[in-house]
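Q: 3D, please:
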Amino acid sequence: MLNRPWIKLWVEKWLGSRRIRAARYEELGLYISIVIRAAAAGDSGELRIGERPWTLEELADDLGLDSRRTARLRKRMERLVDLGLLEILPDGCITVCRFTDLQSREFGKNKLDSLIGGLARKTRVR
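A: Coordinates of the predicted model:
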């Protein structure tokens with residue numbers, strides 16, 4: 001099940017994101033839980049078991065929620081979709097928006113290169 005042992009969480013992108021700041025803490029907890037499960041499932045950012053998308057009930061069960069909380073879970077999911085953090089594909093698959101970009105080696109590389117270059121220019125060798 002585990003496709004990757006860790007995920008990238010870009011602190012500056014997280015703290016500077018209007019979408020993240022607009023989300024409530026319960027929604028952010030759900031979002032991170034979905035990001036982690038999507039990373040464990042593959043590189044696409046999709047919640048799937050093989051080719052089949054997870055159902056909302058399967059997600060609720062995996063999160064340890066009882067059936068009474070599924071309606072709240074659905075509302076939080078809808079809010080995350082409205083914020084542009086998640087997408088529901090036509091087949092019902094829950095997908096983390098921009099997952100592949102955020103997990104790529106190239107994402108943030110230019111910023112890191114310019115930071116390293118700036119540090120090199122400021123460092124004097126005696």
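
Q: the residue lying closest to Thr100 once chain neighbours are set aside and Leu89, how far apart?
A: In this structure, Thr100 finds its nearest non-sequential neighbour in Gly45, 6.2 Å apart by CB to CB, 6 or more residues apart in numbering. Where you see a C-beta, it was placed from the backbone N, CA and C, and this is true even at glycine. Distance check for Gly45 against Leu89: by CB to CB, to the nearest Å, it reads 11 Å.

Q: looking at the two, which has the bigger crowd around it?
A: Between Gly45 and Leu89, counted using other CB atoms under 10 Å, Gly45 has the larger neighbour count: 23 against 11.

Q: for that one, give me its contacts.
A: Residues in contact with Gly45 (CB atoms under 8 Å, 6 or more residues apart in numbering) are 35, 38-39, 95-100, 103.

Q: among those, which lie within strands?
A: Within the contacts of Gly45, residues falling in strands by DSSP state E are 95-96.

Q: which of the contacts of Gly45 are buried?
A: Buried members of the contacts of Gly45, counted by 16 or more other CB atoms under 10 Å: 35, 38-39, 95-96, 99, 103.

Q: now for these: which two are most distant?
A: The span of the buried ones among the contacts of Gly45, defined through CB to CB, is set by Thr95 and Gln103 at 13.2 Å.

Q: so what's Leu102 up against?
A: By CB under 8 Å, 6+ apart, Leu102 lies in contact with 8, 10, 13.

Q: with Arg24 instead?
A: Going by CB under 8 Å, 6+ apart, Arg24 touches Arg79.

Q: skipping its backbone neighbours, what lies nearest the residue nearest in space to the middle of the chain in space?
A: Geometric centre of the chain, nearest residue: Val35, 3.7 Å, by CA atoms, centre = their mean. Nearest residue to Val35, sequence neighbours excluded (CB to CB, 6+ apart): Val96, at 5.4 Å.
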